[in-house]
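K.L.:
Build me a model from this:
(chains A and B)
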Amino acid sequence: GNSVTQMEGPVTLSEEAFLTINCTYTATGYPSLFWYVQYPGEGLQLLLKATKADDKGSNKGFEATYRKETTSFHLEKGSVQVSDSAVYFCALSDLGGGSYIPTFGRGTSLIVHP
Amino acid sequence: DVKVTQSSRYLVKRTGEKVFLECVQDMDHENMFWYRQDPGLGLRLIYFSYDVKMKEKGDIPEGYSVSREKKERFSLILESASTNQTSMYLCASSTSDREGEKLFFGSGTQLSVL
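P.N.:
You can find the predicted model right below:
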């Protein structure tokens, strides 16, 4: 079956530090990969996505590259801000396998200090 | 923009009560989902629905039921609330086309069962 593993948090950084949150996946087909973000007191919202190998998704200064050879989709940002403090979820979707149900990682909490 | 609205942001109920959590989406999406979110466990799928009057069990359906009488509305029912059902409940929706890979979430209902 499909699964997503992401690094445990919390990740604590100072403002302007470089961020990496690791995500690896297992899938039987050719999934699309996603990062969702959950700000305090809110639901999840899509941050970025990539639909095939070597695609790079980007949004709000965040980037992630779909690496089929390492089955990874690590989230990066060059300079984090206090407002980036949130929980980040890696996810995959395998429509090719006939399922509209995405598989989520457990989430990684990011805390950015001024 | 898609809007997924959950009827209550906070809810406090007593053990044994019947609890209804309501979710409405305004974009004519075919698929709707109920998740619960607990610290350290991430998102766990309770039930989902592909169409009106259709429902499928997710990973943790015990103690829950659902109702989808209209396309835009998906209700989660706790037949007899218990303290271990204290959690954040998230509703989501998606289409059945290629864009259905992406989920749209409501803001969540924090349920406390005393």
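
K.L.:
Which positions in chain A make contact with chain B?
P.N.:
Residues of chain A found near chain B (Cβ under 8 Å from any Cβ of the partner chain) are A:32, A:34, A:36, A:41-46, A:49, A:51, A:89, A:93, A:95, A:100-102, A:104-107. Placement of C-beta: from N, CA and C, glycine included.

K.L.:
What subset of the residues you listed is buried?
P.N.:
In the residues of chain A next to chain B, burial by neighbour count holds for A:32, A:34, A:36, A:43-44, A:46, A:49, A:51, A:89, A:93, A:95, A:100-102, A:104-107, counting by 16 or more other Cβ atoms under 10 Å in any protein chain shown.

K.L.:
The lowest-mean-pLDDT helix or strand in chain A pairs with which strands, and in what direction?
P.N.:
Sorting the helices and strands of chain A by mean pLDDT, DSSP states H and E puts strand A:103-104 at the bottom, at a mean of 90. For strand A:103-104, the pairing partners within the sheet under DSSP bridges are strand A:86-93 (antiparallel).

K.L.:
Could you list the residues in contact with the strand it pairs with?
P.N.:
Here strand A:86-93 makes contact (Cβ atoms under 8 Å, 6 or more residues apart in numbering or on different chains) with A:2, A:4, A:6, A:9, A:21, A:23, A:25, A:27, A:31-40, A:44, A:47, A:73, A:75, A:99-100, A:102-105, A:107-110, B:42-43, B:101-102.

K.L.:
ok, now with 6 Å
P.N.:
Strand A:86-93 has contacts (Cβ atoms under 6 Å, 6 or more residues apart in numbering or on different chains) with A:4, A:6, A:21, A:23, A:25, A:27, A:31-39, A:102-105, A:107-109, B:101.

K.L.:
Give me the residues contacting stretch B:38-53.
P.N.:
Contacts for stretch B:38-53 (Cβ under 6 Å, 6+ apart): A:104, A:106-107, B:30-37, B:55-56, B:58-61, B:64, B:66, B:68, B:71, B:74, B:87.

K.L.:
ok, of those, which come out buried?
P.N.:
Buried, going by 16+ other Cβ under 10 Å: A:104, A:106-107, B:30-37, B:55, B:58, B:64, B:66, B:68, B:71, B:74, B:87, out of these.

K.L.:
Pull up the pairing partners for the helix or strand residue B:44 falls within, direction included.
P.N.:
Using DSSP states H and E, the element containing residue B:44 is strand B:42-49. The pairing partners recorded for strand B:42-49 under DSSP bridges are strand B:31-38 (antiparallel), strand B:56-57 (antiparallel).

K.L.:
Appreciated, that's everything.
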